[in-house]
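Asks: structure, please.
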Amino acid sequence: MKQSGFTLLELIIVIAIISILAGVSVPYYLESQTDARRSALKSNLASFRKEINDFRGDQNRGPYRVSVLNGAITLVNNPKSSDASGSELVGGPIQLIGGNFVRRTTVKYIPILPLLQDPETGATLNWGYGTCSAYFEDSVVNGNFDISTEFAFISASGSYDQLNDTVISSRSSPLGGATTTLDFIGVVCSDTKGIYY
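Replies: Numbering: from 1, shown residues only. Below you'll find the model as predicted:
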C-alpha cells in the first residue's frame, strides 16, 4: 500500500515560493501605507489652508499666531491649541463688539486643528506659520499682544501706512517701535526627509 503525502523537497519548494512572494509584496504594502499617509497629509493641509483663507475672507486678517490679552483677560492662550482659548479657527475669532474685544465662540471654522502625520514614520509633524498680513508693536517685549494697549495693524509691507493700513487694536496710533508678526495666512510643514508640503 502506497502512502500519500508531501516529500521534504516539495515542502522546501513551497516554502521558498511563499518567501519570495512575501519578499516581493511586503515592500509594496509598506509603500502603499506611506502613499496613503502622504495623501492624508496633503489633504489635511489643503483643508487647513482653505479654512485659513475662509477666516481671512471673513475677518480681513489671518488667525493670531501669538497669545492675545485684553488687559487681564486672556483671549488666546496657545494659538496652536484646539482648546476653547486656543486657535481662533477652533475657538472663534476675536472681534470688536459693543466697544469691547471679545471671542465669538459661536463662529467656528474647524472642530479641531488637523493632525499632520509624517508619511514615512506616522509620527506627528510640527507645522509652522507661513506669511502674515497683520503686525503689532510689542511694547512690553513679551511676545504677547495686548489688544487694549498695544498698536496693531493690517499691512502688506510690515510698516504702518496711515492712509492704506487698517488698525485692529484699541490703540489708535503707533509708538514708533519695531513691529512683530501677529497673524498667519499660510502654514508650512515638512516631513523627516525634508520635503515641504
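Asks: how confident was the prediction at D138?
Replies: On the pLDDT scale, D138 is placed at 93.
Asks: what of L11?
Replies: 83.
Asks: isn't there a helix covering it?
Replies: Yes - L11 forms part of a helix when assessed by DSSP: H, G, I helix; E, B strand; the rest coil.
Asks: residues in contact with the nearest residue to N144 once chain neighbours are set aside?
Replies: Nearest non-adjacent residue to N144, counting by CB to CB, 6 or more residues apart in numbering: S67, 4.4 Å away. All C-beta spots, glycine's among them, are computed from the backbone N, C-alpha and C. Neighbour list for S67: 74, 76-79, 143-145 [criterion: CB atoms under 8 Å, 6 or more residues apart in numbering].
Asks: now P174: how far from D161?
Replies: 11 Å (CB to CB, to the nearest Å).
Asks: same check on V102?
Replies: On the measure of CB to CB, V102 and D161 end up 28 Å apart.
Asks: if we can go back for a sec, neighbour count: P174 and D161, which is higher?
Replies: P174 (19 against 10; other CB atoms under 10 Å).
Asks: which stretches of the protein form helices?
Replies: Here the chain has its helices, by DSSP state H, at 8-59, 88-91.
Asks: nearest to L125, out of those helices?
Replies: helix 8-59 (7.6 Å; CB to CB).
Asks: which other helices and strands contact that closest one?
Replies: In terms of contacts (3 or more CB pairs under 8 Å, 6 or more residues apart in numbering; DSSP states H and E), helix 8-59 is packed against helix 88-91, strand 187-188.
Asks: which of the contacts of S67 has the most neighbours?
Replies: F145 (30 neighbours).
Asks: average pLDDT across stretch 82-99?
Replies: Mean predicted lDDT for stretch 82-99 stands at 93.
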